[in-house]
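> curious how this folds, go ahead:
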Amino acid sequence: MRSLFLIGLIVGLTTSATPPNFKCPENNGFFGDPKQCDKYYECQDNVPEEKLCPDGLLFEIKNPNHERCDLPFNVDCGERTELQPAVSTVQCPRKNGYFSHEDPQVCDKFYNCVDGVPNSVPCPSGLIYDDYQGTCTWPESAQRQGCEKENRKKEKLADGFSCPDGEVLGNNNRPLPHPTYPHPEDCQKFYICRNGIQPQLGSCPPGTVYSESNLKCEDPEGVPGCEKWFDDDKN
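Purely as a prediction, here's the structure:
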């Protein structure tokens, strides 16, 4: 995903037609500005030409033979703390980069901004977006305030089901990562809570029903209340 984002954004923009007050460390190459992390210079025959990375990207100084602007979490600016003025919108604080959703409670979506155009991207189930890593990760790894599992907005299925709070213990007395719950009206159906938060409707194989006590699909004879589920031709 990151490599696709960078296509067309590697090369910076020339900002000065006259030689700036910068001394080339070598006769030829690309060198970072000592103060501004998104500014750099192209030196040809010891003559520098000032350039800027596209807004939101920073200049990578590791290899003077390559002109590379990259995403902030891939660049160590060190003491180069200054940046060009931002060109921002609600979804894109800068024209390019990955940014969290404008609603602080929407933790599992982020924007991939390309030249000021936001593209909404969902995180995989159970993960949240982390600004510092620039990727989706587990909530406990991100430590993003307000995005703890108990504070996140609950998703609901069409029938109104949402994942209950609290952990569900398995037969080994350990919390289940994807707990299941019985359907209130259909013995063959059940709910799955992916990573404890994302609801999904499941169904047992033909001829079996969901057992709340054993947390799995079993023969109807062993599940109280569902012994005759298939006798009445309900399905």
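
> assumed F31 was part of a strand.
Yes - under DSSP: H, G, I helix; E, B strand; the rest coil, F31 falls within a strand.

> can you tell me how far the nearest residue to it once chain neighbours are set aside sits from H66?
Closest residue to F31 apart from its sequence neighbours, by C-beta to C-beta, 6 or more residues apart in numbering: Y41 at 5.2 Å. Backbone N, C-alpha and C define where each C-beta goes, glycine included. Distance check for Y41 against H66: by C-beta to C-beta, to the nearest Å, it reads 14 Å.

> quickly list what's touching both of these two.
By C-beta atoms under 8 Å, 6 or more residues apart in numbering, Y41 and H66 have these common neighbours: F30.

> more neighbours, those two?
Neighbour count, other C-beta atoms under 10 Å: between Y41 and H66, Y41 has more, with 22 against 10.

> quick check: beta-bridge partners of the more buried one?
Per DSSP bridges, the residues bridged to Y41 are F31, E50.

> so it sits right up against F22, yeah?
Yes - in this structure Y41 lies within contact range of F22 using C-beta atoms under 8 Å: 5.3 Å.

> and for the two, which residues touch both?
Taking C-beta under 8 Å, 6+ apart as the criterion, Y41 and F22 both touch F31, D33, P48, E50.

> what's the closest of these to L201?
D33 (55.9 Å; C-beta to C-beta).

> now the phi/psi pair for that closest one, please.
phi -70, psi 140 (degrees, to the nearest 10).

> and it, what is it in contact with?
By C-beta under 8 Å, 6+ apart, the contact set of D33 is F22, K39, Y40, Y41, F59, R80.

> any chance of these in TSV, plus distance to N173?
Below are those laid out as TSV (distance: C-beta to C-beta, whole Å):
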residue	distance to N173
F22	66
K39	58
Y40	58
Y41	63
F59	54
R80	53
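
> out of the residues you listed, who's the most crowded?
For these, neighbours were counted using other C-beta under 10 Å, and Y40 has the most, 27 neighbours in all.

> that one contacts P48, correct?
No - counting by C-beta under 8 Å, Y40 stays clear of P48, with 9.5 Å between them.

> shared neighbours of these two, anything?
Residues touching both Y40 and P48 by C-beta under 8 Å, 6+ apart: F31.

> can you give the domain ranges for this protein?
2-74, 97-150, 154-235 (automatic domain parsing).

> identify whichever of these lies nearest to V90.
Of the domains of the chain, the one closest to V90 (C-beta to C-beta) turns out to be domain 97-150, at 5.3 Å.

> can you give me how far that closest one is from the chain middle?
4 Å (C-alpha atoms, centre = their mean, to the nearest Å).

> no further queries at this time; thank you.
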